[in-house]
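S.K.: The sequence and its predicted three-dimensional model are supplied below.
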Amino acid sequence: MEKLLTKYVQNECSLDEEQKVIDWLQNPTNETRLRSALWRQWNKPVPPARQTPDWQELWSSITEQTAGLAAEPSISRLISNQLIRIGIWLSCIIAVGMGFRMLRHIQTLTDVVYQTTIGQHMDVKLPNESGVTLGATSSLEVSSDWSGPHCNVWLKGQGFFATNKQPTHSRLLVHTSDHFILETKDAAFTVSYQSGKTQVTVKQGVVYALKICLFGSEQRIMLKAGDWLEYDEIKSKLVRRRTQPAHFPS
């Protein structure tokens, strides 16, 4: 009868079923039984609604559903992740390259360059108190980078260097070609660089000639007063001989 009553309340009964329900309700015993059942249902406590979701339960459900996905990523996702990694590496490489280029550009702009013309000579005072006399049609570039103890200069043409005695760990470094450097702490010497050839004549003190070889190795030659040396960077050839310092011009 309960199923029939449910259909009656939902207005799903046929005419015969409606008549059965009406006849059943007209019985006082059945009416009392129905009221008792409704009263118990109405007084049944309703469970309180959950105010906040159970996050632990939700996370466990998500973990169970996605356990297989993490172990077997799709090919498209793998390709996408690889492309993202490549893009990040390329961005880093480009940023580093631009940074080095900007730093080199800034250094080039702040270096000091001295230049002479035909028939002109110039006396230059270096930051380490050394003196240089430039010959005609020569140039001397003095680095403005003082992060290290050495004074770096680049010579094209002719120059006479008179180096004051430097502190313990300081040196004057005269660059001519990319693979040839003159290093001294306290000396007087003449340098000439033309057509790929560097000629050095030591008047006083000690000068070290450094030839940069393959893989960064160095060939180091000590030159004393009276020594003359020529380096041909095209043939990568060194020639050394003795001269008379007393015959040098002042």
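M.R.: Received it, and whenever you're ready, just let me know what you need.
S.K.: Report how many residues lie close to Val142.
M.R.: The tally of other residues near Val142 (other Cβ atoms under 10 Å) stands at 17. Quick note: C-beta positions are derived from backbone N, CA and C, even for glycine.
S.K.: which residues does it form a beta bridge with?
M.R.: Val112, Val153 (DSSP bridges).
S.K.: Report the contact partners of it.
M.R.: Residues in contact with Val142 (Cβ atoms under 8 Å, 6 or more residues apart in numbering) are Asp111, Val112, Val113, Tyr114, Val124, Leu126, Pro127, Cys151, Asn152, Val153.
S.K.: what helix or strand is the fifth one on?
M.R.: Following DSSP states H and E, one finds Val124 within strand 122-125.
S.K.: Buried residues in that strand, which are they?
M.R.: Using 16 or more other Cβ atoms under 10 Å as the test for burial, strand 122-125 gives Met122, Val124.
S.K.: what's the following helix or strand after it?
M.R.: Past strand 122-125, the next helix or strand by DSSP H and E is strand 131-134.
S.K.: What strands flank that next one, and is each parallel or antiparallel?
M.R.: According to DSSP bridges, strand 131-134 forms sheet pairs with strand 122-125 (antiparallel), strand 151-162 (antiparallel).
S.K.: Of those strands, which stretch is the most buried?
M.R.: strand 151-162 (a mean of 20; mean count of other Cβ atoms under 10 Å).
S.K.: Output it as PDB - backbone C-alpha positions only.
M.R.: C-alpha atoms of strand 151-162 as PDB (Å, rounded to 0.1, in the frame of the first residue of the first chain):
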ATOM      1  CA  CYS A 151      97.500  48.200 -16.300                       C
ATOM      2  CA  ASN A 152      96.600  47.000 -19.900                       C
ATOM      3  CA  VAL A 153      97.400  49.100 -23.000                       C
ATOM      4  CA  TRP A 154      97.200  48.300 -26.700                       C
ATOM      5  CA  LEU A 155      99.800  49.700 -29.100                       C
ATOM      6  CA  LYS A 156      99.600  50.200 -32.800                       C
ATOM      7  CA  GLY A 157     102.700  51.900 -34.300                       C
ATOM      8  CA  GLN A 158     105.700  53.000 -32.200                       C
ATOM      9  CA  GLY A 159     106.100  53.800 -28.500                       C
ATOM     10  CA  PHE A 160     108.800  54.300 -25.900                       C
ATOM     11  CA  PHE A 161     107.800  53.100 -22.400                       C
ATOM     12  CA  ALA A 162     109.400  54.200 -19.200                       C
END
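S.K.: Quick check: mean pLDDT of that strand?
M.R.: The average of the pLDDT scores along strand 151-162 is 93.
S.K.: Skipping adjacent residues, who's closest to Gln115 in space?
M.R.: Closest residue to Gln115 apart from its sequence neighbours, by Cβ to Cβ, 6 or more residues apart in numbering: Ser139 at 4.8 Å.
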